[in-house]
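**Student:** Pasting the sequence and the predicted coordinates here, then a few questions.
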Amino acid sequence: MTKRNDILQFSISLLILVVGFFICQLVFTKFDLTEEKRHTLTEATTELLDSIDNQILVRCYLHGDFPAKFKRLEKAIKERLDEFHDLSGGMVEYEFIDPYAIEDRKTQGEIETALYEQGLEFTRLAYEENGVKKFKTIWPGAIISYNGKELPVQLFKSNSPEPTDAMVNGSINNLEFELGSKMRQLMNPKRKSIAFIEGHGELSELETLDIGNYLAESYEVSRVRIDEQIGSLSEKLERVKHRSNLYDLIIIAKPDSMFSDKDKVIIDQYIMNGGKVLWLIDPILTDLDSLRVRQGTMGVTNEMGLYDMLFDYGVRLNRDMVIDYQCAPIAFDAGPMGNQRNMEMFNWYFSPVVLAPDDAHPIAANLDPIVMQFTSSLEAVGDNPAITKSVLLSSSELSKQLKAPIRVNSGVVQLGIDYFQANPNPNLPLAMLLEGSFTSNFQFRLPDAIKNDPTIAFRDVSVPTKMIVIADGDIARNGIIDGGEGPIPVPLGYDRYLGNVVYDNREFLLNAVNYLMDDKALISMRSRSIVLRKLSEEKILQERSRWQIINVALPLFVLIVFGLIQFTIRKRKYTSV
């Protein structure tokens, strides 16, 4: 009887395991116990995967024999694609290909050329193995195919021969965004358009090359001169009452000269017809190059004729300059040191470093610090209930306002924290989002003949739209260094003293553009933050023996205890019988 019961219990247990296994195969589920939910896709990606109506194939070329860092990245890519496959109902398929599986060097060269022509970039690694220096070429990217169209996606974007754990972790962090955005681009081939405005001293194409290139991955990007031509930003179609905008968004980046009234009317009517604007405005003009040469310069008001427009839209740009104890460093010559100059690092209070609070708007949430240069403050004005205003960036608790004209000199680095603690101007707004229906700046300023002209098709109140105003033009300017064959732009957010990208200016601006373009899905994917929790080298050395004993001896001890308990139970059971 006892034997029959044991067999019955074993059969029931086995049946439950088999049924549970098949249910798990049919129903996709998992438990994400990580603090930042690193293994959980955003709602936007889930909706994207659910909407796929045709097969998507991802061919990933990060495969083969290479260092552990990139094996971790390869594993993360596979896990993410497995999840894409399951949540899309099998519509996302993938394969991993080793470009160097065939040892023939000629064939390898042909494969390398083909991958490069398809838009992928390689990374040349330098690493040690068994004390021997080795080099390896890898292709950390993939080609995504859908409906006969293909797009490359770069899954690791550094050319450093010795990448750090943080670089690899950053790539793992961005996998969902990189894969999801390319799939979305393939499924929605009609791209929205962006125009950088020129003709008023704005930043040049070279100075905005970094942000321009990243925007071009998702949008059609061009540069436009208004030149008082009403057709530069919009067109009048037959039998349509109002003008139609030619661009979904315009960017006005650091102008330094006057806008004519005609140009202002054209921009105003572009907004009234639903156009979005990213304003990057310097209310105070100053020159860092003059400061380096003369140890001092003046900051004067930048008269562009735009302040009244922005005031009517709901924001006032103050003619001041914000200095902040929370700031970026700068190197100044501290005098001779032998036959060389002694360059020392100082706090450069004219370059506030902005940290978004925990309750930040999605545009600024989960971003690393953002650096600004000679920025001013701004404030919300007006009581138009049709406009919602949100502060995106603000200074720290230890900031101050300097009113124009402002003497900018290197002596400011001698100021200490006591200066900022005495009567500070904390949390000064530096960037603001405005959403709603705006009133035209020219509502009561144009003659009736122009307002009633059907070609102009004047509107005095906008359709619902958005704009972002940032009181700093340099937030979008990438640095430029002198190269052997000409000027070379460096990435946006690059710190020349650390030799690396440490500020999230690019990510902030990309989020700002995505929000204005209603691409909130891209923000949610890009803003995901995954922390790399490294082991403490000091603790590893101090506690190594203890943890080795625990890992080896504890499992054996547990087995012995359970064995003794089982032996005791069986002995009592069968002895009594």
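**Tutor:** Sure, I can see it.
**Student:** chain center to stretch 297-314, what's the gap?
**Tutor:** 29 Å (C-alpha atoms, centre = their mean, to the nearest Å).
**Student:** Restricting to C-alpha, output that stretch in PDB.
**Tutor:** Output of stretch 297-314 as PDB, limited to C-alpha atoms (Å, rounded to 0.1, in the frame of the first residue of the first chain):
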ATOM      1  CA  THR A 297      35.600  90.400 -21.400                       C
ATOM      2  CA  MET A 298      32.200  92.000 -21.200                       C
ATOM      3  CA  GLY A 299      28.800  90.300 -21.400                       C
ATOM      4  CA  VAL A 300      26.300  92.600 -23.200                       C
ATOM      5  CA  THR A 301      22.600  92.300 -24.100                       C
ATOM      6  CA  ASN A 302      22.000  90.300 -27.200                       C
ATOM      7  CA  GLU A 303      19.400  92.300 -29.100                       C
ATOM      8  CA  MET A 304      17.600  90.100 -31.600                       C
ATOM      9  CA  GLY A 305      14.100  91.400 -31.600                       C
ATOM     10  CA  LEU A 306      12.700  88.100 -30.300                       C
ATOM     11  CA  TYR A 307      12.000  89.000 -26.700                       C
ATOM     12  CA  ASP A 308       8.600  90.500 -27.400                       C
ATOM     13  CA  MET A 309       7.500  87.500 -29.300                       C
ATOM     14  CA  LEU A 310       8.500  85.100 -26.600                       C
ATOM     15  CA  PHE A 311       6.900  87.300 -24.000                       C
ATOM     16  CA  ASP A 312       3.600  87.100 -25.800                       C
ATOM     17  CA  TYR A 313       4.000  83.300 -26.000                       C
ATOM     18  CA  GLY A 314       4.400  83.100 -22.300                       C
END
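**Student:** Identify each buried residue in it, please.
**Tutor:** Residues Thr297, Gly299, Asn302, Met304, Leu306, Tyr307, Met309, Leu310, Asp312, Tyr313, Gly314 are the ones in stretch 297-314 that count as buried (16 or more other C-beta atoms under 10 Å). To be clear about C-beta, it is placed using only N, CA and C from the backbone, and glycine gets the same treatment.
**Student:** remind me which residues of the stretch 401-550 of the chain are low pLDDT?
**Tutor:** Applying pLDDT under 70 to the stretch 401-550 of the chain picks out residues 520-538, 540-541.
**Student:** rerun at 90
**Tutor:** 404-414, 444-445, 447-452, 454-455, 479-489, 495-502, 518-550 (pLDDT under 90).
**Student:** the helices in it, which residues?
**Tutor:** 417-421, 448-451, 505-516, 520-526, 537-576 (DSSP state H, counting those that start in this stretch).
**Student:** Deepest-packed of these, please.
**Tutor:** Neighbour counts (mean count of other C-beta atoms under 10 Å) averaged over each of the helices of the stretch 401-550 of the chain peak at helix 505-516, with a mean of 24.
**Student:** what sits up against it?
**Tutor:** 194, 210-211, 214-215, 218-219, 249, 276, 278, 362-364, 367-368, 370-371, 392-393, 433, 466-468, 475-476, 491-493, 520, 522-523, 526-527 (C-beta atoms under 8 Å, 6 or more residues apart in numbering).
**Student:** Would you show me how to pick out the buried ones of those in PyMOL?
**Tutor:** The buried subset of the contacts of helix 505-516, as determined by 16+ other C-beta under 10 Å, is captured in PyMOL by this line:
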select buried, resi 194+210+211+214+215+218+219+249+276+278+363+364+367+368+370+371+392+393+433+466+467+468+475+476+491+492+493+522+523+526+527
